[in-house]
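S.K.: following is a predicted model, sequence given first.
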Amino acid sequence: MVKKCLFPAAGYGTRFLPATKATPKEMLPVLTKPLIQYGVEEALEANLKTMAIITGRGKRAIEDHFDISYELEHQIKDTSKEHLLREIRSLISQCTFSYTRQVEMKGLGHAILTGETLIGNEPFAVILADDLCTYKGDNVLKQMIEVYEKYQCSIVAIEEIPKEETHKYGVIAGHLVDNTDDTYRVTDMVEKPSPEDAPSNMAIIGRYILTPDIFEILKETKPGKGGEIQITDALLEQAKQGKVIAYRFKGKRFDCGSVDGFVEATNYFYNKTKG
Ligand code: UTP
């Protein structure tokens with residue numbers, strides 16, 4: 001059973017400088033809620049209650065966010081503003097949060113490996129909070145857990161992207177296993193290929209279910225694209241043994257790691273509150 005969710009949140013968020021100079025990218029709000037809170041809500045809705053967060057220097061605001069602020073609570077108690085803290089209080093009471101620091105930012109694969117100490121020897125979910133997902137039915141992580149229960153191997157969420165954007169993503173090749181649930185057995189995956197080298201236009205987005213053998217593989221994984229330890233390279237080792245399923249999720253994803261995606265998400269959620 002998948003019980004824990006890992007949130008790699010140690011990256012520098014350079015695309016949002018200067019905002020991210022002293023504020024974690026994961027704390028940037030879409031409307032009034034920080035990105036990472038959307039992620040934690042998604043995990044909780046999928047019945048995962050143990051949140052394992054990879055932080056780094058300058059990321060302490062994340063820990064404070066998932067904690068009680070006595071002064072603030074005292075200040076707004078019995079006022080008309082008290083309801084504004086209801087959602088976050090409810091999350092804090094239902095989940096446990098643990099943290100470990102990635103000391104050197106050596107890439108997403110390295111961040112996930114840093115999480116071994118919090119995860120242990122069990123399958124786990126990964127949410128990249130800057131990919132904000134929404135769907136009116138079961139959320140993306142919940143959909144993926146169903147797929148995991150069927151295949152019992154690592155699962156990556158994919159979506160079709162315009163071919164000219166392949167250089168921003170991990171891109172897979174695979175063959176359809178079951179068109180009733182949109183699953184593909186992955187045969188190849190390449191990190192940020194140019195359009196000419198991309199094996200398809202099916203890109204991995206920031207949701208994964210990983211089996212714990214990934215940690216041993218990551219320990220052996222050499223730095224790849226951009227000199228970083230890539231989760232895509234480690235997953236390829238599992239894929240060679242037929243142990244990675246790509247799942248074309250139902251829903252909408254906003255790339256909130258980019259300014260365009262962030263603005264799009266803000267408009268989408270704003271219009272939702274109005275209509
Ligand atoms: P990104 O490459 O999108 O994030 O990494 P970034 O490096 O923070 O942003 P830019 O490109 O400089 O603007 C994807 C996810 O992996 C985490 C990031 O925090 C983000 O959630 N990450 C990345 C780590 O935790 N550690 C790393 O060493 C690299």
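M.R.: Cool, got the structure.

S.K.: switch to C-alpha atoms for all contacts and neighbour counts from now on
M.R.: Fine.

S.K.: give me the contacts around the top helix by length along the chain.
M.R.: With secondary structure taken from DSSP state H, the chain has its longest helix at helix 259-274. By Cα atoms under 8 Å, 6 or more residues apart in numbering, the surrounding residues in contact with helix 259-274 are R15, F16, V30, L31, L132, F254, D255, C256.

S.K.: in it, what counts as buried?
M.R.: Within helix 259-274, the residues scored as buried using 16 or more other Cα atoms under 10 Å are G261, F262, E264, A265, T266.

S.K.: what of stretch 143-159?
M.R.: Here stretch 143-159 shows 143-145, 147-148, 152-159 as buried, counting by 16+ other Cα under 10 Å.

S.K.: also stretch 5-15?
M.R.: Buried, per 16+ other Cα under 10 Å, within stretch 5-15: C5, L6, F7, P8, A9, A10, G11, Y12, G13.

S.K.: now these as JSON lines including pLDDT and distance to A239?
M.R.: Shown next, in JSON lines, are those (pLDDT from 0 to 100; distance: Cα to Cα, whole Å):
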{"residue": "C5", "pLDDT": "98", "distance to A239": "22"}
{"residue": "L6", "pLDDT": "98", "distance to A239": "21"}
{"residue": "F7", "pLDDT": "98", "distance to A239": "23"}
{"residue": "P8", "pLDDT": "98", "distance to A239": "22"}
{"residue": "A9", "pLDDT": "97", "distance to A239": "26"}
{"residue": "A10", "pLDDT": "97", "distance to A239": "27"}
{"residue": "G11", "pLDDT": "94", "distance to A239": "26"}
{"residue": "Y12", "pLDDT": "94", "distance to A239": "29"}
{"residue": "G13", "pLDDT": "94", "distance to A239": "29"}
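
S.K.: also within reach of the ligand: list those from those residues.
M.R.: Counting by Cα under 6 Å from any ligand atom, P8, A9, A10, G11, Y12, G13 from the buried residues of stretch 5-15 sit close to the ligand.
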